[in-house]
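Asks: Generate coordinates for the sequence data below:
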Amino acid sequence: MSADGIVETRSSWLTSVLSLFASSSTLVCCALPALLVALGAGAALSSLVSVFPQLVWLSEHKVGLFTFAGLMLVASGALQWHNRTAPCPTDPALRNACLRTRRSAARMYFLSVAVYLVGGWFAFVQPLLM
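Replies: Prediction:
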């Protein structure tokens, strides 16, 4: 096998990590403050905002944040789909490492999608229900 399969698997894993990072920022911007308020921990939220004032900026720019995270998820999903049948090395140890990396990238991608959906719920749907 050429190094292309290994590079494709690594790029798929890297985009999964980046999409997890981008989608987890949606939790920080929207789900975490909503959770703290729902638990009656408004004082904890105000303390958190005083220590990390960037939370306010993230909340103010949630549409852009969700757009960027969504684009990252689409790019990662496209790479996952493209690499699903990429060849792995014939050496058993390298083949197992390739398959393990492919499975962990897929798990990370689905975790990213779940985090994105939870953040989207708290950012856009939950306020409409109140």
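Asks: now the strands: where do they sit in this protein?
Replies: Here the chain has no strands by DSSP state E.
Asks: Look at Ala69 and report its pLDDT.
Replies: What the model reports for Ala69 is a pLDDT of 87.
Asks: Could you pull up the residues touching it?
Replies: Ser19, Ala22, Ser23, Ser25, Thr26, Tyr116, Gly119 (CB atoms under 8 Å, 6 or more residues apart in numbering). All C-beta atoms are positioned from the backbone trio N, CA, C, and that covers glycine.
Asks: Which elements pack onto the longest helix that the chain contains?
Replies: In terms of residue count, the longest helix belonging to the chain (DSSP state H) is helix 92-120. Under the contact criterion of 3 or more CB pairs under 8 Å, 6 or more residues apart in numbering; DSSP states H and E, helix 92-120 touches helix 3-26, helix 62-83.
Asks: Can you tell me which of those is packed in deepest?
Replies: helix 3-26 (a mean of 19; mean count of other CB atoms under 10 Å).
Asks: for the protein, what are the low-confidence residue spans?
Replies: 1-12 (pLDDT under 70).
Asks: residues contacting the nearest residue to Cys30 once chain neighbours are set aside?
Replies: Ranked by CB to CB, 6 or more residues apart in numbering and with sequence neighbours excluded, the top spatial neighbour of Cys30 is Ala123, at 3.7 Å. Listed by CB under 8 Å, 6+ apart, the contact set of Ala123 reads Thr26, Cys29, Cys30, Ala31, Lys62, Phe66.
Asks: measure the residue lying closest to the last one once chain neighbours are set aside to Ala69 for me?
Replies: Looking back up the chat, that one is Phe66. Distance criterion CB to CB, 6+ apart; nearest residue to Phe66, sequence neighbours excluded, is Thr26 at 6.0 Å. According to CB to CB, to the nearest Å, Thr26 stands 5 Å off from Ala69.
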